[in-house]
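Give me a 3D structure for the following:
(chains A and B)
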Amino acid sequence: DQQVKQNSPSLSVQEGRISILNCDYTNSMFDYFLWYKKYPAEGPTFLISISSIKDKNEDGRFTVFLNKSAKHLSLHIVPSQPGDSAVYFCAASGRGSQGNLIFGKGTKLSVKP
Amino acid sequence: KAGVTQTPRYLIKTRGQQVTLSCSPISGHRSVSWYQQTPGQGLQFLFEYFSETQRNKGNFPGRFSGRQFSNSRSEMNVSTLELGDSALYLCASSLEPASGYNEQFFGPGTRLTVL
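Predicted coordinates for the structure are as follows:
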């Protein structure tokens, strides 16, 4: 059973607009959530994270929102740029994973000029 | 500072063979985790080694094994290869044992194709 779900395999957004990537999780023992970005032929790179004690974390154009009651988090990218086109993975960790990262299947974001 | 390196980058094997993949972590990092990425399953955790000891293991059959050397370099081995083992194998290193709080740095991966 998948503990971290990204239900949208792909998302297409116009340059300058907002990109919203969603992620749901099932294990209430997770206490830390991360987003990774992956370009083809490269490994994933860390983008932004949030602890379960917070509901929002912002870093430049990237903001992650956490709704613990709904077991849902989202990544907002504003404004979106063509260079943001990549696969985005949501990941979670905590006592439910013995510290290791549990990843979703990823969402491929395409930002069109 | 050099990043995580993985060798080889590409590998083609046939069913029944075995394969060994190598990962060199960032200098000073003592934890190495391995992940399998497939289109249908995303990234799945294989195992983690910290200070030459396997710390955690994911839900993979015993055909998948690994080890870590005293210099923190790690190898993973897959025996009796199956078609379904075709995937991108990623390793990630961190200073301390893997957790969400300790940033993991990923290598570029080894693309394994089993024919």
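
show me what contacts A:K38?
Taking Cβ atoms under 8 Å, 6 or more residues apart in numbering or on different chains, we find A:K38 in contact with A:P44, A:T45, A:A86, A:V87, A:Y88, A:F89, A:G106. (C-beta placed from N, C-alpha, C; glycine too.)

For these, which ChimeraX command selects only the ones that are buried?
The ChimeraX command for the buried members of the contacts of A:K38 (criterion: 16 or more other Cβ atoms under 10 Å in any protein chain shown) is given here:
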select /A:44,86,87,88,89,106
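
Of the contacts of A:K38, which pair is most distant in space?
The most widely separated members of these are A:T45 and A:G106, with 13.5 Å between them, by Cβ to Cβ.

Secondary structure class of B:G84, three-state.
Classification of B:G84 by DSSP: H, G, I helix; E, B strand; the rest coil places it in helix.

Next, find the distance separating it from chain A.
16 Å (Cβ to the nearest Cβ, to the nearest Å).

Could you pull up the residues touching that residue?
Here B:G84 is in contact with B:V114 (Cβ under 8 Å, 6+ apart).

Which residues of chain B lie near chain A?
Taking Cβ under 8 Å from any Cβ of the partner chain as the measure of proximity, chain B contacts chain A at B:4, B:33, B:35, B:40-45, B:48, B:56, B:58, B:90, B:92, B:97-101, B:103-109.

May I have the beta-bridge partners of the closest residue to A:P44 other than its chain neighbours?
Excluding the flanking residues, the one nearest A:P44 by Cβ to Cβ, 6 or more residues apart in numbering or on different chains is A:Y36, at 3.8 Å. Bridge pairing for A:Y36 (DSSP bridges) gives the partners A:F46, A:F89.
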